[in-house]
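> Build me a model from this:
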Amino acid sequence: MFFTGAALAQSPAPGSNTPVVTSTDADPSDIRPELKEALPQGRLIGKGRLTVWGFQVYDARLWVPAGFGAGSYTSQPLALELAYLRAFDAVGVADRSLKEMARSVAISDAQAAQWKAEMLRVIPDVKKGDRIMGVHRPGVGAAFWVNGKANGEIRDAEFARLFFGIWLSAKTSEPKLRDTLLGGAGG
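As a prediction, this is how the structure comes out:
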């Protein structure tokens, strides 16, 4: 699933999904080519691990340009990378994403069906070790890279706003992960 959660450097208590803020200093060798292409001025501001009921789901990292403000993330470029720690099928990822997106606004059945089809086009089944990077393109939509390769775009600004809101909206289901990812960027 393109989920949301806890820390890279420390493990939370069993059964906890509480993120712990970690260092955001990125080793230059850790900046992948696709990030340089998608967000050339990006810098890592936060990272965390989603752990749900003791199961580690993924490690998340948020890259933003200088001057990024969390309160206006919908109008700014950003890259969110998830490194999966377990396998999920694409349908489960899309369904969970839609459920999380609907926390912000009501989504019609027709819109949900359209967005689900779009997600199934760009987000494959994932296995442990796979990386998916989503890039927010304000006013345009979202682009996706899977294991370093461009995998398509969803050219719908409302989709992108709600999709990245899964992690960055004040209405997220994982507010501690949001705080961890934003690494003090406020909002």
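> Tell me which residues are up against whichever helix in the chain runs longest.
In the chain, taking DSSP state H as the definition, the longest helix is helix 109-122. Contact with helix 109-122 is made by 90-91, 93-95, 97-98, 101-102, 107, 144, 151-154, 156, 159, as judged by Cβ atoms under 8 Å, 6 or more residues apart in numbering. Just so you know, the C-beta spots here come from the backbone N, C-alpha and C atoms, and that holds for glycine as well.
> Next step: the residues you listed restricted to strands.
In this view, these that belong to strands under DSSP state E are 144, 151, 152, 153, 154.
> okay, those residues in CSV with pLDDT and neighbour count next?
Putting these into CSV (pLDDT from 0 to 100; neighbours: other Cβ atoms under 10 Å) gives the following:
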residue, pLDDT, neighbour count
144, 97, 21
151, 96, 16
152, 97, 15
153, 97, 17
154, 98, 23
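> farthest-separated two in these?
In the ones in strands among the contacts of helix 109-122, the most distant members under the criterion Cβ to Cβ are 151 and 154, with 10.8 Å between them.
> Residues in contact with both of the two, list them for me.
Residues touching both residue 151 and residue 154 (Cβ under 8 Å, 6+ apart): 122, 144.
> Okay, and which of the contacts of helix 109-122 map to helices?
Of the contacts of helix 109-122, the ones assigned to helices by DSSP H are 90, 91, 93, 94, 95, 97, 98, 101, 159.
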